[in-house]
Structure formats: C-alpha cells, structure tokens
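[1] Fold the following and give me the result.
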Amino acid sequence: MRPSTLRGLLCAGALLGAPPAPAPAQGFTKLDTLIAMRDGVRLHTSIWAPAAVHPPLPFIFLRTPYGIDDRDPAKSTYLASLVADGYIFVYQDIRGRFKSEGKFVMQRPPRRPADARAIDESTDAYDTIDWLVRHVPGNNGRVGMLGVSYDGWLTAMAMLDPHPALKAVSPQASPADMFLGDDFHHNGAFRLSYGFEYAVLTEASDTNAQFNFDRYDTFDWYLRLGALSNVNAKYLHGTLPSWNDFVAHPNYDAFWQTQAFAPYLTRVTVPTLNVGGWWDQEDFYGPVKIYEILEKDDPDHLNYLVVGPWNHGGWRRADGSKLGDISFDSNTSKYFRQHIEAPWFAYWLHDKGSRNFAEATVFQTGSNQWERYDSWPPASSRPTNLYMRAGGKLSFEAPPANEPDAADTYISDPAHPVPYRRRPISPTYPGGGWPTWLVEDQRFVDNRPDVLSWQTEPLQNDVKIAGDIVARIFAATSGSDSDWVIKLIDVYPENYSESTGLSGYQLMIADEILRGRFRESFDHPAAITPGAITPYVIDLHTNDHAFLKGHRIMVQIQSTWFPLYDANPQTFVDNIFTASPSDYQKATQRVFRSPRSASHIVLPVVP
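    Have a look, this model is predicted:
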C-alpha cells in the first residue's frame, strides 16, 4: 500500500486539515479523518499506516478521552514491540472530547440491546471497526484493541457486542465498578481528591483542565474545604455532571450498577488479555474483577491475566526495574511488552507463534520473579489466619481460650485526619507524588495515636502468599458510622543493605477501606450501633508476594486516609455529600483481639 493510495481514499471522505505529514524514520504516514457513527455523529480518527509496501496488516485500535494529536506509534515506548511486528495503528477521540463531535458522558452506560437507535462506546467501536476494514487499504481484516485506564475501559466496552473483525483485546488497568473498587469509590468510601480533580480534568472543558489550587499542599486545601457540601457551594456551582452525580447517588443504586461490568460481561466473546499492576493507585480492582467475571464462562480458554510490579499503566514506561524506592532486579515493563503482550497479539492477529500462554502470568514481589499459573488464584494456596495479639504483636497462633477479652483503642478525629502519603501532598494531576504513593515508606505515620499497628517477630523462613487476602476484624465505635482502613505491610530488617536505603522500610503490599454504613449492603446503608462489637469483612484483593526471611509482617488499622478519601462524619447521615459541619464528630474506636472476637488477616499462604 502506498501513502498516496490511502490519502486519496480518505480525502474522498472527511480528511481533516493539511495533507499527510512526511513519513517519520520508522516509515508511517498519518491521516486524519472524521468517521460517522450510526447516529450521524462523527469521531476524529488518526490512521498511521506503514509507508512502505507491505503485506496485508492487522489494525491496533486505541480509543481515548485524552486527545490523539500527539500520538505517534513510532515514538511510543509502549507500542515499540508492536510496531516492530507490523500493524496499522488507529487512534480515536471519543464523543465530545477534543476534535470529535457529540456529547461526552463519563463512563457512558451500556445501551439497552432492544433499542436499535441507542448508542454507547460499544457501538462506536463497532462502527469504527466496520469502517476501517472496509475503507483502509492493505488490511487483513483483523483488529486488536488495547488501552490503559479509561482507554482500557473503552477496550472492554468493545467486547460487549464485538465486531466480527475484532479478534483480540487487552483491557489494561480498566475500571470495572466505580462504586465498589475503582477510581471514584472503594467499598462505598468516596475518593475525594481523585474524584474532584478528575471531574475537573475531564469535564471543565472539552480538552484537559486542572483545578487551580491556591496552595501547594492539597491536604491543607481539602481540610479547609470542610464538609463536601462546600464543593458546589464554593467552587463548582453545579457545573460538573460527575460531581453532581456523586452528590445525587451516595449509595450503590441503579446509576452505579448500570455502569459496572458484572451484568454485561457474561461470557468471553474475544480473546482477552487483562493487565494490572500490584501498586496501581487508580484501578487495581478492575482488571482482576473483569478476569474473574469472564472466567465464569470461558469454555475455550480465551481469558488471561497478567499482573506485574507496576503502578497505574507502569508497563508503558521504558524502565520497569524500579517503582519509587523499590527495585525489581529486571526491566519488568520491557519483559511484558516483548515477551507477553507482543507475542499474544501476534498469535491472534498475525497467526505467528504458538498458543503457549499461561492462564495467569504474575510477578512475585519480594522474591522478584515471574510466575506462571494454570489458574488464579492458584490451587496450591492455603488460607492461613494471622491474628492481632496483645502488645502490638501479630501471630499465626490464635488467642488462647483463657485470654480475657481485650481491645486496642484510638480516637478518630475527622478534623485531624491521617494523611494517605507524606505531606506536602501535591495535586493528583499532573504527576507529583501520586503515581508512587502506594510504595511510600509507611513509617511516616509511626507513633500517630490514631493508627494501630501489629507486627510479627522476624520471620524464620520465607512466607509466600498467592491469591486473595481478606481482613476479618471485630470493632466498635462510639459513633454511628465509621471507616475502617486496613494495610498489610512488609517490614524490612533494620540491617538491610545500607546501599538501598531500605533499612526498616515499611512497604505496603495490600490495602483497602470499608465505609461502615455499607458493611451489610452497598445499596441500603445502615447506621452502626454505637459501642457494639461489630464484625467487618474487608477484601484486600489478590496478591503474589514473598515476605522474606528476616522481614516482619505488619498490619495497620486507622479510620481516616485523607484526602484520598473524604473524612467520614462518624455520625450516620442519609447522604455524606450533604452533611453539615456539626455532623463531623470525634469517635473512640476499639479493635478486638479476644478469643470470641479475634481480629485477623487471612493470608493465601503457598506451602
């Protein structure tokens, strides 16, 4: 295919702007066009085709709300291995963003199949693929889709009603449920700084915007903000649809349920490579949940999982040998791109290589090695209880039957919340400390009176875990609502190599929060009985980690994690987004460690 051929074809349609730019060194020609969807709305699309004569090639198709003008596959570290294999790359602005027509809707819900005139992200992907295979010369009739974060969600949406030419998809760091575990909420607790700043980013204009904070330390700004009702009253004034949705839907109602994937991903329709990172600060829940949902009906073994030692989209970085202060002894990002992702797409789209893909390929942190499993979680793991004991001890031995009832106590004050990372806390976007906060040394909260800690003695042998981690705690609060934050931490030895600077380092391995009002139901919240010992089950998600000999295992519990999460008033109200300042009260928190109420962590220990 010569560039002039493709150019002539697209010019007959809706070519944007100037003629194609000269081919870069790698030999691509870029053409911009507007592709009409079934309802007449046109979406801005860039097509990067190899300039040299080539055999018919498959497409790699990426859809995004973040703009495509600067997307050049020849300059992309993320796509380098795919470029080497030979593809036609296609990028698209979704509705209402940048140069595409139509209205942008955050996480546009899937359409009702009975409504033939309805559109959603799945129909837009379908219509675009249909146009590409019919109009772009030199293609082999096969399309692969991939993307990270919102782009990953758009990839997963294309699976709902896939075009016959869609032969492989890789949703990467895709959210799956925005109330239960992804960007905007975790177990009903609202992700304040992320929710506020992301709504501004995507909805304050049709491009990307940042909120103009009047101080560098956003911890201080959010604390001065006070009650959530002040956001619209003082700053947004009802102008951002997503914030208004947060306020209108404080519980897991139909609004959130219709956005979640569980009702729609009922079977595997396209070979799927789900990708996530152990320290993803935005969407770790999503890729694992999508994999779990699809596993329920995967008779042809087309559903795969990859998890590495990355933050959000960290596999796109040139060097994946470190994250923050933590080293992984090899370039894990490059390994993924060259040895997992590229061969996977080559098999489905080029008929190259063999189908020797592990069901789950995960990086075991601590030991720093890749593991291949026939199932996830692996069948070899055994649930093992690790108990909170007296004196800040953590033990695999349960409290003896003759031990008296006991609890550890702290005061939780929403006016003096625990920061989620070291201050000053820079804005979420752009950059700053947000991408790596999950691997920060947790000693910055040492000796805070509102954080409880328990730890084991130095381990006599490695303790390897692979699978699902669950916290089962028994707690009481003097308030009528409460948040419970659980952190599982790997404590490095004090005599760890000085050259690394990690002596005594407290590395968070797993973490989660539960808003107490949702302990029994996410759609029907209920007050907590003040003073009553109440059981809580908190899913700390899945992991693969080796706590090495000489290290300690630590568990921390607290009730604020600010401003990542809004401060719970600790007084039950119908809607925290409309709570008044007087609703925010101190509370006395007790975590029990007695034989009858033995708080513990369930670890998936591998023999």
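
[2] hey, where'd the helices end up in this structure?
    Under the criterion DSSP state H, the chain contains helices at 3-11, 80-85, 121-135, 150-157, 192-203, 218-225, 230, 241-248, 254-257, 285-295, 332-336, 342-350.

[3] The fourth one vs helix 192-203, what angle?
    Between helix 150-157 and helix 192-203, the angle comes out at 80 degrees (axes from the mean of the first three to the mean of the last three C-alpha atoms, to 10 degrees).

[4] Show the end-to-end separation of stretch 512-525, please.
    Using C-alpha to C-alpha, to the nearest Å, the end-to-end distance of stretch 512-525 comes out at 19 Å.

[5] And it, how far out from the chain middle?
    20 Å (C-alpha atoms, centre = their mean, to the nearest Å).

[6] Which positions in that stretch come out as buried?
    Of all the residues in stretch 512-525, those buried under the rule 16 or more other C-beta atoms under 10 Å are 512, 513, 514, 515, 516, 517, 518, 519, 522, 525. Any C-beta I mention is one placed from the backbone N, CA and C, and that applies to glycine too.

[7] which residues does the closest residue in space to residue 423 that isn't next to it in sequence contact?
    Distances taken as C-beta to C-beta, 6 or more residues apart in numbering place residue 219 nearest to residue 423, at 5.4 Å, with adjacent residues excluded. Contact analysis of residue 219 by C-beta atoms under 8 Å, 6 or more residues apart in numbering lists 419, 423, 424, 425, 562, 563.

[8] As JSON lines, these with pLDDT and distance to residue 450 would be great.
    Below are the contacts of residue 219 laid out as JSON lines (pLDDT from 0 to 100; distance: C-beta to C-beta, whole Å):
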{"residue": "419", "pLDDT": "98", "distance to residue 450": "11"}
{"residue": "423", "pLDDT": "96", "distance to residue 450": "16"}
{"residue": "424", "pLDDT": "96", "distance to residue 450": "20"}
{"residue": "425", "pLDDT": "96", "distance to residue 450": "18"}
{"residue": "562", "pLDDT": "98", "distance to residue 450": "11"}
{"residue": "563", "pLDDT": "98", "distance to residue 450": "16"}
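
[9] what's the most distant pair in those residues?
    Using C-beta to C-beta, the two most remote members of these are 424 and 562, lying 13.4 Å apart.

[10] The two: which has the busier surroundings?
    residue 562 (19 against 14; other C-beta atoms under 10 Å).

[11] check contacts around that one.
    Residues in contact with residue 562 (C-beta under 8 Å, 6+ apart) are 192, 219, 222, 223, 417, 418, 419, 420.

[12] Residue 430 versus the second one, what's the distance?
    By that I understand residue 219. 18 Å (C-beta to C-beta, to the nearest Å).

[13] Next: the last one.
    From residue 420 across to residue 430, the span is 19 Å (C-beta to C-beta).

[14] Which residue of the two possesses the greater neighbour count?
    The neighbour count for residue 420 versus residue 430, taken as other C-beta under 10 Å, is higher for residue 420 (22 against 10).

[15] Give me the local confidence score for the more buried one.
    For residue 420, the model assigns a pLDDT of 98.

[16] how about the residue nearest to it when sequence neighbours are not counted, phi and psi?
    Closest residue to residue 420 apart from its sequence neighbours, by C-beta to C-beta, 6+ apart: residue 564 at 4.0 Å. Residue 564 has phi and psi values of phi -50, psi -40 when expressed as degrees, to the nearest 10.

[17] Need the contacts of residue 562 in TSV (columns: distance to residue 97).
    Shown next, in TSV, are the contacts of residue 562 (distance: C-beta to C-beta, whole Å):
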residue	distance to residue 97
192	25
219	31
222	27
223	33
417	35
418	36
419	33
420	30
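
[18] Just the buried ones from the residues you listed, in PyMOL syntax?
    To isolate the buried ones among these in PyMOL, judged by 16+ other C-beta under 10 Å, type:
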select buried, resi 192+219+222+223+417+418+419+420
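
[19] Tell me the one of the contacts of residue 562 nearest residue 172?
    Using C-beta to C-beta, the contacts of residue 562 come closest to residue 172 at residue 420, 24.5 Å.

[20] before we move on, back to that, burial measure for the residue nearest to residue 420, as a count.
    26.

[21] And the strands in the stretch 1-150 of the chain?
    Assigned by DSSP state E, counting those that start in this stretch, the stretch 1-150 of the chain shows strands spanning 28-36, 42-50, 57-64, 88-93, 139-148.

[22] nearest to residue 158, of those?
    Among these, strand 139-148 comes nearest to residue 158, with 5.5 Å by C-beta to C-beta.

[23] what residues does that closest one touch?
    55-64, 87-88, 125, 129, 132-133, 152-155, 158, 163, 165-174, 312-313, 316, 341, 345, 348-349.

[24] closest to residue 569 among the contacts of residue 562?
    Residue 569 lies nearest to residue 417 out of the contacts of residue 562, by C-beta to C-beta, at 12.0 Å.

[25] ok, the residue nearest to residue 520 when sequence neighbours are not counted to residue 534 distance?
    Spatially, and ignoring its direct neighbours in sequence, residue 520 is nearest to residue 526 (6.3 Å; C-beta to C-beta, 6+ apart). Per C-beta to C-beta, residue 526 is found 11 Å from residue 534.

[26] which neighbours do these two share?
    Joint contacts of residue 526 and residue 534 (C-beta under 8 Å, 6+ apart) are residue 519.

[27] who has more neighbours, those two?
    Comparing residue 526 with residue 534 by other C-beta under 10 Å, the one with more neighbours is residue 534, at 19 against 14.

[28] Can you name the residues that contact the nearest residue to residue 308 once chain neighbours are set aside?
    Spatial nearest neighbour of residue 308, chain neighbours left out: residue 363 (4.5 Å); criterion: C-beta to C-beta, 6+ apart. By C-beta under 8 Å, 6+ apart, residue 363 lies in contact with 278, 307, 308, 309, 328, 332, 369, 370, 371, 544.

[29] run the last query once more with 7 Å
    Under the criterion of C-beta atoms under 7 Å, 6 or more residues apart in numbering, the neighbours of residue 363 are 307, 308, 309, 332, 370.

[30] Report pLDDT for the residue nearest to the fourth one when sequence neighbours are not counted.
    In space, not counting the residues next to it along the chain, residue 332 is nearest to residue 320; the distance is 4.0 Å by C-beta to C-beta, 6+ apart. We note a pLDDT of 95 for residue 320 in this prediction.
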